[in-house]
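Trainee: Turn this into a structure:
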Amino acid sequence: MTTGRHMAQERGGQGRGQSAGAQLALLLRGWWEEAGTSRGGARPTQQALAARLGIDQTTLSRYLNPKHVSTAPLRVVDLLHVQLRAPATELEQARALCRGALRENGRQRAAEGDGEPAAPVSTADESDGTPAPRATPGAAPGTEESATPDTGAAHDRSASGRPRSRWLRPALVGAAMVVAFSAGMVAHERLSIQDHRDTADGAAGAASTSGTPYEWPLLRMGEEDQFTRARALQYLLKAHGYKVRADGFFRQDTWDAVMDFQQRKDLPADGKVGGQTWPELVKEVGPGSGTFEVRALQELLDNAGQGGTAVSGRFTAETIKDLRFFQRTYGLPATGRASVETWLALLVKQLPPVKAPGYQRAAPSPLPSASV
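Mentor: The predicted structure follows:
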């Protein structure tokens, strides 16, 4: 079995000669591909990983693609290292590559801004990340710039006849571009941090047809019947191997299972099911999926969309038809498969029950009987 050190060496060999951005993307992709190879874990899908990071899946895919480089900010690099349990020795390497890629991007934008080569970058800029000194506009007479002889190669003259450096304008444009880019990165970091906080509190990447982002519903232990959302939760827990009663009541057995699931997934273990737990809990459902995850899907479809979906645990043609109808209705890709975005919309669009579920009508006791 290839060790983490050997994998890091292989990535280093593959990235040799490439830009810092491409090397960073190669390293991050390696983290994702190797996630779950140790400790018996499972590699998260890019959809689930993007939800944890508070970004959309398309953006994450760009960060992990060394052929079409989009530089991940330092915040995302740090979060990926934690979420994917990457080797501790590779974190500083990733941070250094990130900083190098951002410097490359700044120089490239500066060069493209004036159509001429950017001002030369000193060796110090390449070695320790310290920006090279920039030309100072409006230098006073008697300084080194004004005292330099006019050779015709390094200087031209303005309309007033005073000598002017050929590099002054590109340097000023480059400096302005770097300042603007740096300000944009700061704003992006702050917005990304807020977006991550919103996701942790229940926000999600999917949006409603009106453009307003959906939020994962929050379920917690209580004595009241929480209906289809709680039954879907309990069937999903069963799909992950937990023995709980699928009756819609979030009681001790459900709470215990949620706590264990959160601890296994390195989530905040509070026994509540919200914006961080749902994306890890739901599974993509389609033909051939397991009984319990299909039942969870059918419970939600039966109380949304057209209604009348049979809760059988079999992914039938009728289930596909009802699922596609729901997806078209709420502006989702009508694939007939339940993705993370579809689960989110289904949970949000649950209707209040118009009558008691069948198990409650049939049972004389107010406590529902155990379900399969």
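Trainee: And what about Pro352, helix, strand or coil?
Mentor: coil (DSSP: H, G, I helix; E, B strand; the rest coil).
Trainee: now it: how far from Arg43?
Mentor: Pro352 sits at a distance of 38 Å from Arg43 (criterion: CB to CB, to the nearest Å). (C-beta placed from N, C-alpha, C; glycine too.)
Trainee: higher neighbour count, those two?
Mentor: Legend: neighbour count by other CB atoms under 10 Å for Pro352 and Arg43, higher for Arg43 (14 against 7).
Trainee: you'd agree the more buried one is up against Trp31?
Mentor: No - using CB atoms under 8 Å, Arg43 is not in contact with Trp31, being 10.1 Å away.
Trainee: where's Glu223, which helix or strand?
Mentor: Per DSSP states H and E, Glu223 falls between elements, in no helix or strand.
Trainee: Now do it against Gln234, distance only.
Mentor: Using CB to CB, we find Glu223 at a distance of 16 Å from Gln234.
Trainee: More neighbours: which of these two?
Mentor: Gln234 (28 against 7).
Trainee: Could you tell me whether that one really is in a helix?
Mentor: Yes - counting by three-state DSSP, Gln234 is part of a helix.
Trainee: residue contacts, it?
Mentor: Val244, Arg245, Ala246, Asp247, Gly248, Thr254 (CB atoms under 8 Å, 6 or more residues apart in numbering).
Trainee: In this protein, where is pLDDT below threshold?
Mentor: 1-16, 36-41, 109, 112-171, 173, 178-212, 305-306, 353-372 (pLDDT under 70).
Trainee: Now with 80, please.
Mentor: 1-17, 36-42, 68-69, 105-212, 305-307, 351-372 (pLDDT under 80).
Trainee: What number of residues are in the vicinity of Ala334?
Mentor: Residues near Ala334, counting by other CB under 10 Å: 14.
Trainee: Give the helix, strand or coil label for it.
Mentor: coil.
Trainee: can you give me the helices in the stretch 1-150 of the chain?
Mentor: Counting by DSSP state H, counting those that start in this stretch, one finds helices in the stretch 1-150 of the chain at the ranges 4-15, 20-34, 46-53, 57-63, 74-83, 91-114, 123-128, 144-147.
Trainee: How about the contacts made by Gly336?
Mentor: Gly286, Ile320, Leu323, Arg324, Gln327.
Trainee: make it 10 Å
Mentor: If you count contacts by CB atoms under 10 Å, 6 or more residues apart in numbering, Gly336 has them with 285-287, 315, 317, 319-324, 327, 342.
Trainee: farthest pair in these?
Mentor: Within the contacts of Gly336, Ala317 and Thr342 form the most distant pair, 17.6 Å apart (CB to CB).
Trainee: Among the two, which residue is more densely surrounded?
Mentor: Neighbour tally, Ala317 and Thr342, criterion other CB under 10 Å: the higher count belongs to Thr342, 26 against 9.
Trainee: what's near enough to touch that one?
Mentor: Taking CB under 10 Å, 6+ apart, one finds 206, 282, 284-285, 297, 300-301, 323, 326-327, 330, 332-336 in contact with Thr342.
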